[in-house]
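In: when you get a sec, could you give me coordinates for this:
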Amino acid sequence: MKIIISNASQKPIYFQIAEQIKNQIISGELKEGEPLPSIRKLAQELQISVITTKRAYEELEKEGFIDTVGGKGCFVAMQNKELLREKKMRMVEDTLSQAVSDAKLLGVRLDELKKMLTLLYKEEE
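Out: Okay, here's the model as predicted:
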């Protein structure tokens, strides 16, 4: 599991960790039932406080992304496929919303934006 902490970020460290793990679950990099590193091990690897790592795991559990099994550790939760798709769609919508905001700031017209999106979409095929 790859996590990068940015000290320059405005976001708290626990939030950065939770977001990156969440994105790895949504993208399928982390599979259902896959064990996560222990809180202590992850804290040691990232050279951060155990309390910070614990908070990240608590947030993920609250949102239903991971399950904690007493004495065994934390695991990627079984995901409802439709709910997971909705979460992925939300991520796409958020990214597109930011792109639209940026385009408006630059004075990019809707037809130009559509052309850009079409070109980018076709490049991926």
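In: using the three-state scheme, assign residue 67.
Out: Secondary structure, DSSP: H, G, I helix; E, B strand; the rest coil: residue 67 is strand.
In: that one is in contact with residue 79, isn't it?
Out: No - Residue 67 is not in contact with residue 79 according to Cβ atoms under 8 Å; the separation is 10.9 Å. Any C-beta I mention is one placed from the backbone N, CA and C, and that applies to glycine too.
In: what separation do you get for the residue positioned nearest the centre of the chain and residue 92?
Out: Centre of the chain computed as the mean C-alpha position; nearest residue by Cα atoms, centre = their mean is residue 23, 2.4 Å away. Using Cβ to Cβ, to the nearest Å, residue 23 is found at 12 Å from residue 92.
In: now for the one helix or strand in the chain whose mean pLDDT sits lowest, which elements pack on it?
Out: Ranked by mean pLDDT, DSSP states H and E, the weakest helix or strand in the chain is helix 81-106, scoring a mean of 88. On a contact count with 3 or more Cβ pairs under 8 Å, 6 or more residues apart in numbering; DSSP states H and E, helix 81-106 meets helix 13-27, helix 110-123.
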